[in-house]
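>>> Got a sequence here, can you model it:
(chains A and B)
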Amino acid sequence: MVSEELDIAQQNLPAEQGPVQYVNELTTLNLGPTHPATHGIFQNVLQMDGEKIVSGEQTIGYIHRAFEKIAERRPFYQITTLTDRMNYCSSPINNMGWHMTVEKLLGIEVPKRAQYIRVIMMELARLADHLICNGILGVDTGAFTGFLYIYQERENIYEIYEEVCGARLTTNMGRIGGMERDLSPTAIRKIRELLPRFRKVLAEFESLFNRNRIFMDRIIGVGGITAERALSYGFTGPNLRAAGVDYDVRVMNPYSSYQDFEFDIPVGQSGDTYDRFMVRNAEMWESLRIIEQAINNLPEGPYYADAPQYYLPPKSEVYKNMEALIYHFKIVMGEIDAPIGEVYHAVEGGNGELGFYLISDGGRAPYRLHFRRPCFIYYQAYPEMCKGLTLSDAIVIMSSMNVIAGELDA
Amino acid sequence: MLTNEQVAQEIINQFGGAVSDFDDPFDLLTFSTTREQIVSLVQYLKNSKTLQVGFLTDLTAVHYPDSPGREFCVVYHLHSLIHNFRLRIKVYLSEDDIHIPTLIPLFASANWMERETFDLFGVIFDGHPDLRRILNMEEMDYHPMRKQYPLEDGTREDKIDALFGR
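Okay, here's the model as predicted:
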C-alpha cells in the first residue's frame, strides 16, 4: 500500500476499529545508476517495506572498460594509464603498485631514495583519498562546510603531484625501476609546508564532526558488520580495520621500505559507519607521520635503478646520450621482453588490498593480468549492511564504504 | 612462522595424490589440484588449526588455448592472516567440461569473483545461486577474455584488415 493511501485510510478510520493492518507490499526503489549520493554510476535496486530496506541488489559494470583485456595487448609502460584510471582518487598508489609488480617480475632492486619518494607519494594519495571520502560522508549527512573546507588541502596535494610529474589526476610519476624524476627542491618544500597545515585542517575537520550530535546520530550503529562477516566478504583496508581486524598490507607484507617507518594501525570495534569514519581520520594522522619520517630521512643517491633496458631514461639523457636514446626507443616501441613468470603483488590502496596478478609468457605484454580491486570485492556486502535500515542510512553506508566506480568496474 | 615447505608438507600429508605441481615463484606457494578436491581442500585449509587460511584474496581464471585438455585454469589466491603466508591454488579444466564447484559456502566474497570469472571466461561454477554476467551486458553471447577474441594490435601481422573495415 502506498503511503498516501495509508494516510487517507487512517484518517477515515473509525476510532473504535483499532490500528490499520499493514499490507506487506514491497516498494521497489531504484537508487541510482545516476544519483547524486551514489558518487558514481552503479544501480541499487532496493526492496522497501515502508521506510525499511528489506533487500537489495546491485547492478554494476556501467563504466566497465575491459582493462584486463586491453592490458594483454599493451607493453608494460602503457598499462600505467589503465591502472591510474581505476581508483582515480588515489592514482599514485595504483601507479606505484603496478611498477612494483613489474619490478618483482624483472627482479629489479629499487634504490632507497626512490622507495622513500614512492612512500611519500603513496601516503599523499592516501591522504587525498581518505579526505574526500570523509568529506563526502559529511555532505551526505548534510554538513557541507567540512567538505568545502578540506578541498583546499586536496588541492595542495594535487599541486605537489603537479610539481613532481606535471599531472594532477592521472599521475604518471613512477617508472619501472624508480621514479620519473627526482623530487625537486620546490616539491620538497611544498611537502614540508603541507604537513603542519594539513594537521591544523585535519584537527579542525575532526572537531567539526567527531562530537557533532547530528552527525553521530546519523552514523553510530549504522551499517555495522562483524569481523567474521567482513573477512568472509573479503573486506580489506579501512573497512576491515573498522570491524576490528588489524590487517594492513603495509605491515603484513611490507613493500617499498614501509618497514623503516613507525606508524600504528588504527582499529575500530563495531565496523559501523562511525568506526569507518574514525579509522580513516586516524589513518590520515598516521600517513602524516610516515610522510614526515620519509621526508626527514630521505636518503641520498640515485632515484632509479641501474636497469637501462627497463628504466625509461629521462628526456634530458635521451638528447645527449646514445645508449639512453637506443633504450628509450626500444622501450617506447614496446620491445622490452619480460621473463616468463607469475607474480602476485599487493599494495595497500585507498580502499584496501590492491593486488596485481600478472602472468608473463616472455612477451612484451602480459599474457594475463588480473586486478584484485578491493571495491569490487567488498561492494557485494552492501545489501547485507543496509538490511533493516532506512534509505538515509543506505546513503551514508555507501559513502563511508568509499566505493569508487572506476575501481569497481575496471 | 611457517615456511612454504612446511605448508606444502602439511597439504601433501592430508591430500596426497590430489595435489601436484608444487612450486614457489616469488615466494608464493603454488600448486594444482582437481576440481573434485578443491572445495574440501579449501575447507581443510580454512578449518585447519595449524594453517588457518581464512581469507580468499582473489579468484580468477586464465585461458591457455594451446594446451589441450587443460584450456582453462581457475586460480585461487588465499591468505592466512594469522601466519601471514599466501597460497595459490590452480585447477585446470577442459574446454568441453568447464564446470567447477562454487566456493560460496566457505567465502561470501567468492560470489562476485565467480560471477566475474564466469562473465569473462565462461567458467561455470556449479552450485552458484546467481551465476549471471556482472560486468558485461546480459545480451552478450561470448566470453570476452578468451584468447580467441583478440584486440586489435597495430604491430601484429596476424590481424585481418577486413575485420576492421579497411
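>>> Count residues in the vicinity of residue 26, would you?
Using chain A here. Per other C-beta atoms under 10 Å in any protein chain shown, the neighbour tally for A:Leu26 reads 13. Any C-beta I mention is one placed from the backbone N, CA and C, and that applies to glycine too.
>>> sorry, should have said chain B
B:Phe26: 13 neighbours (other C-beta under 10 Å).
>>> Confirm for me that it is in contact with A:Pro339.
No. Under the criterion of C-beta atoms under 8 Å, B:Phe26 is not in contact with A:Pro339, lying 11.4 Å apart.
>>> okay, and the common contacts of the two?
By the contact definition C-beta atoms under 8 Å, 6 or more residues apart in numbering or on different chains, B:Phe26 and A:Pro339 are jointly contacted by A:Leu105.
>>> and whatever residue of the stretch 151-300 of chain A ends up closest to chain B, which of the three is it?
Closest to chain B within the stretch 151-300 of chain A is A:Gly234: 3.1 Å, counting by C-beta to the nearest C-beta. Per DSSP: H, G, I helix; E, B strand; the rest coil, the secondary structure class of A:Gly234 is coil.
>>> Let me know how buried it is, in neighbour terms.
28.
>>> now do A:Gln293
Neighbourhood size, A:Gln293 [other C-beta under 10 Å]: 18.
>>> distance of it from B:His128?
Noted for A:Gln293: a distance of 47 Å to B:His128, by C-beta to C-beta, to the nearest Å.
>>> and if you look at A:Val403?
Applying C-beta to C-beta to A:Val403 and B:His128 gives a distance of 23 Å.
>>> Who has more neighbours out of the two?
A:Val403 (24 against 18).
>>> need the strands for chain B, in chain order.
For chain B, the strands defined by DSSP state E occupy B:19-23, B:29-33, B:55-63, B:72-80, B:85-93, B:99-101, B:124-126.
>>> Relative to the second one, what are the paired strands and their orientations?
Strand B:29-33 has the following strand partners under DSSP bridges: strand B:19-23 (antiparallel), strand B:85-93 (parallel).
>>> Also the fourth one?
In the sheet, strand B:72-80 lines up against strand B:55-63 (antiparallel), strand B:85-93 (antiparallel) (DSSP bridges).
>>> which residues sit against that strand?
By C-beta under 8 Å, 6+ apart, strand B:72-80 touches A:344, A:355, A:357, A:372, B:38, B:42, B:45, B:51-64, B:85-95, B:98, B:100, B:103, B:117, B:121, B:123.
>>> Also the last one?
With C-beta under 8 Å, 6+ apart as the test, strand B:124-126 has contacts from B:Ile98, B:His99, B:Ile100, B:Pro101, B:Thr102, B:Leu103, B:Glu114, B:Thr117, B:Phe118, B:Leu131.
>>> now the residues you listed as TSV including distance to chain A?
Below are the contacts of strand B:124-126 laid out as TSV (distance: C-beta to the nearest C-beta, whole Å):
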residue	distance to chain A
B:Ile98	17
B:His99	21
B:Ile100	17
B:Pro101	18
B:Thr102	14
B:Leu103	11
B:Glu114	11
B:Thr117	10
B:Phe118	13
B:Leu131	14
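>>> tell me the two of those that are most distant?
Spatially, the most separated pair among these is B:Ile98 and B:Leu103, at 16.2 Å (C-beta to C-beta).
>>> Please go through chain A and pick out the longest helix.
Ranked by residue count under DSSP state H, the longest helix found in chain A is helix A:112-140.
>>> roughly how far is that one from the heart of the chain?
The chain centre lies 9 Å from the centre of helix A:112-140; the measure is C-alpha atoms, centre = their mean, to the nearest Å.
>>> That helix - what's its average pLDDT?
The average pLDDT within helix A:112-140 is 93.
>>> Check stretch A:361-370 too.
89.
>>> so what's the residue lying closest to A:Ala243 once chain neighbours are set aside scoring on pLDDT?
Spatial nearest neighbour of A:Ala243, chain neighbours left out: A:Gly271 (3.2 Å); criterion: C-beta to C-beta, 6 or more residues apart in numbering or on different chains. On pLDDT, A:Gly271 comes in at 89.
>>> A:Gly271 - how many residues pack around it?
So A:Gly271, with other C-beta under 10 Å, has 25 neighbours.
>>> A:Met121 now?
29.
>>> Ok, the one 4 residues further on next?
Burial of A:Ala125 is recorded as 25 neighbouring residues (other C-beta under 10 Å).
>>> That one is in contact with A:Tyr88, isn't it?
No. Applying C-beta under 8 Å as the test, A:Ala125 and A:Tyr88 come out as separate, 10.5 Å apart.
>>> helix/strand/coil for the closest residue to A:His130 other than its chain neighbours?
The shortest distance from A:His130 to any non-neighbouring residue, by C-beta to C-beta, 6+ apart, is to A:Arg280 (4.3 Å). Counting by three-state DSSP, the backbone at A:Arg280 sits in helix.
>>> how many neighbours does A:Arg280 have?
With other C-beta under 10 Å as criterion, A:Arg280 counts 25.
>>> so who does it touch?
Contacts of A:Arg280 by C-beta under 8 Å, 6+ apart are A:His130, A:Cys133, A:Asn134, A:Pro238, A:Asn402.
>>> go again using 10 Å as the cut-off
Each residue near A:Arg280 by C-beta atoms under 10 Å, 6 or more residues apart in numbering or on different chains is listed here: A:126, A:129-131, A:133-134, A:137, A:237-239, A:241-242, A:266, A:350, A:400, A:402.
>>> repeat for A:Pro302
A:Pro302 touches A:Val110, A:Pro111, A:Lys112, A:Arg113, A:Ala114, A:Gly177, A:Gly178, A:Met179, A:Asp182, counting by C-beta under 10 Å, 6+ apart.
>>> Just send the residues you listed back as TSV, with distance to chain B too.
Shown next, in TSV, are the contacts of A:Pro302 (distance: C-beta to the nearest C-beta, whole Å):
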residue	distance to chain B
A:Val110	16
A:Pro111	20
A:Lys112	21
A:Arg113	24
A:Ala114	20
A:Gly177	17
A:Gly178	20
A:Met179	23
A:Asp182	29
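>>> Return the member of these nearest to B:Leu81.
A:Val110 (27.1 Å).
>>> Near the spatially closest residue to that closest one that is not a sequence neighbour, how many other residues are there?
Among residues not flanking A:Val110 along the chain, A:Ala305 sits closest, at 5.3 Å (C-beta to C-beta, 6+ apart). The tally of other residues near A:Ala305 (other C-beta under 10 Å) stands at 19.
>>> So which bits of stretch B:127-144 are buried?
For stretch B:127-144, a neighbour-count test (16 or more other C-beta atoms under 10 Å in any protein chain shown) marks B:His128, B:Leu131, B:Arg133, B:Ile134, B:Leu135, B:Asn136, B:His143, B:Pro144 as buried.
>>> want to throw those into a markdown table with pLDDT?
A markdown table is the format used below for the buried residues of stretch B:127-144 (pLDDT from 0 to 100):
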| residue | pLDDT |
| --- | --- |
| B:His128 | 92 |
| B:Leu131 | 91 |
| B:Arg133 | 91 |
| B:Ile134 | 91 |
| B:Leu135 | 91 |
| B:Asn136 | 90 |
| B:His143 | 91 |
| B:Pro144 | 90 |
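>>> now, among the residues you listed, which is nearest to A:Val164?
Among these, and counting by C-beta to C-beta, the member closest to A:Val164 is B:Leu135, at 33.3 Å.
>>> Enumerate the residues of the stretch 151-300 of chain A near chain B.
By C-beta under 10 Å from any C-beta of the partner chain, the part of the stretch 151-300 of chain A that sits against chain B consists of A:228-236, A:240, A:245-247, A:251-253.
>>> rerun that using 7 Å as the cut-off
A:Leu231, A:Ser232, A:Tyr233, A:Gly234, A:Tyr247, A:Met252 (C-beta under 7 Å from any C-beta of the partner chain).
>>> which of those lies closest to A:Leu408?
Among those, and counting by C-beta to C-beta, the member closest to A:Leu408 is A:Gly234, at 13.6 Å.
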